[in-house]
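K.L.:
Structure here, sequence nowhere to be found:
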């Protein structure tokens, strides 16, 4: 007998309540684990053991600033795992919930949550935070892994170098240590963390042969980079991309040491930064002077608020094509079947980031050429929407929504499992919180804003949003369960949850997380996304 969607959703609510009741046990000292660098103790609380602040690489200080991550040093005795390590240097934006405010260049730490009791060969999920490659960290309570652990998953979060610490090039750096990778130090950190997982996760009860990487925004862009890198074979086995684009780099095209007048190379950007700090030349002496700058000078006021302006900073390169980690744009590599052959789940929010500078409807729709009237009808069939809303929708489709669908299409075309979602749920508590969000002026839409799905995915809505409702809790329980199911089997379906169909180009079905619960449906935006795809820049 087929259970109705509403009854399925209610069952999820009851299941979540049962999980919470069964896991309510007193805090206790967790058993110590032995990893490659030494003994580590944790904390056992409410049915979940956490091990926090574990070094996965040497502190990138002094001469290690702008070097590939080096091995972590072993320690003597038992290292306590009861506190997060500092997040990487940054200038937090106002009302930022993605970092605790404790920052240091000594920031390459990893955190692990697992179920209490005996655990072996559990699926592993590795979270890569967002923040435009300049903000964020793993210490936020929003990214607490307890809900995933209660679903039988070992959850791992990590820090990676940000801003000019994480993505920087300079001629003397390119010449130094020619055997090492250059430029994308943040990506190198992520790869080093995944290698740490392969070498150590069995000690926490995790299965190194069943690892899912997932990330949002810059973290989603990072998942694209890891999926399409030749250097990540065998490091993960499934991937989830939340609001991560898919056509090119999120911060635009950039090469390590070759550029154009319109798109300068990352090395040129590094020279610009040196000159801004009164450092001349491109040799070793200049590099030594750059390494001697205090961390706050390297941050240099860089934050998400700079990155969403009409003109980005000219002294920050962001991720770059280096020929080793990043060898091409994600869509190019998917078309050539050159990515890691793993199941992929991908989606966006219905009010995701979209900025348009169009001053009129004619300017907004002119890029659709002879289809501009059809595009106007697809976006505004009743001619009721104002320019700011339409501008947002067109820009968000171009930057986020259509590239996500394209990724699902290109993965499924290869016969690999692909699943697409859209997060459309907005609770009263979420709406109130977003009024204080740094992203509130980024889009003109009343839909689910960029990043608003995160407390629901992690099951941390009660910690992050005040006055939550039963529907909030049910949405969170459903999303955490779907994500955990995908990590376990490569298919989000399981138990009482509504069926989530595998993506097929011909059917264009996705799972929409609506006000009334998760509902599988044909993409309601198919007409406008088809037009966006037709005129996309390849």
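P.N.:
That came in fine, so what should we check first? Not measured: the values here are computed from a predicted model.
K.L.:
Direction included, what does the longest strand that the chain contains pair against?
P.N.:
Ranked by residue count under DSSP state E, the longest strand found in the chain is strand 206-216. Within its sheet, strand 206-216 is paired with strand 122-128 (parallel), strand 238-242 (parallel), according to DSSP bridges.
K.L.:
buried sites along whichever helix or strand comes after the shortest one?
P.N.:
Read it as strand 238-242. Downstream of strand 238-242, the first helix or strand assigned by DSSP states H and E is helix 266-276. Using 16 or more other CB atoms under 10 Å as the test for burial, helix 266-276 gives 266-271, 273-274. All C-beta spots, glycine's among them, are computed from the backbone N, C-alpha and C.
K.L.:
I'd like these written out as a markdown table, with pLDDT and distance to residue 416 added.
P.N.:
Shown next, in a markdown table, are those (pLDDT from 0 to 100; distance: CB to CB, whole Å):
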| residue | pLDDT | distance to residue 416 |
| --- | --- | --- |
| 266 | 95 | 32 |
| 267 | 96 | 37 |
| 268 | 95 | 38 |
| 269 | 94 | 36 |
| 270 | 96 | 38 |
| 271 | 95 | 42 |
| 273 | 95 | 41 |
| 274 | 96 | 44 |
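K.L.:
Export these as TSV, with columns for distance to residue 229.
P.N.:
Below are the buried residues of helix 266-276 laid out as TSV (distance: CB to CB, whole Å):
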residue	distance to residue 229
266	17
267	21
268	24
269	22
270	22
271	27
273	26
274	29
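K.L.:
distance between the longest strand of the chain and the chain's centre?
P.N.:
A distance of 13 Å separates the centroid of the chain from that of strand 206-216, by CA atoms, centre = their mean, to the nearest Å.
K.L.:
which residues are in contact with the very next helix or strand once past it?
P.N.:
The helix or strand immediately downstream of strand 206-216 is helix 218-227, counting by DSSP H and E. Contact with helix 218-227 is made by 127-133, 136, 160, 184, 186-187, 190-191, 194, 213-215, 232, 235-236, 239-246, 249-250, 319, 325-326, 330, 339-340, 342, 344, 407, as judged by CB atoms under 8 Å, 6 or more residues apart in numbering.
K.L.:
What subset of those is buried?
P.N.:
With burial judged by 16+ other CB under 10 Å, the buried subset of the contacts of helix 218-227 is 127-133, 136, 160, 184, 186-187, 190-191, 194, 213-215, 232, 235-236, 239-246, 249-250, 319, 325-326, 330, 339-340, 342, 344, 407.
K.L.:
Report the separation between the two terminal residues of stretch 392-406.
P.N.:
End-to-end distance for stretch 392-406, by CA to CA, to the nearest Å: 20 Å.
K.L.:
Could you check how far that stretch is from the centre of its chain?
P.N.:
Relative to its parent chain, stretch 392-406 has a centroid offset of 17 Å by CA atoms, centre = their mean.
K.L.:
what distance separates the one helix or strand residue 520 maps to from the centre of its chain?
P.N.:
Secondary structure from DSSP H and E places residue 520 in strand 517-522. Relative to the chain's own centre, strand 517-522 is displaced by 23 Å; criterion: CA atoms, centre = their mean.
K.L.:
Can you tell me which helices and strands that strand packs against?
P.N.:
Counting contacts by 3 or more CB pairs under 8 Å, 6 or more residues apart in numbering; DSSP states H and E, strand 517-522 is packed against helix 5-22, helix 470-489, strand 509-514.
K.L.:
Thanks a lot, catch you later.
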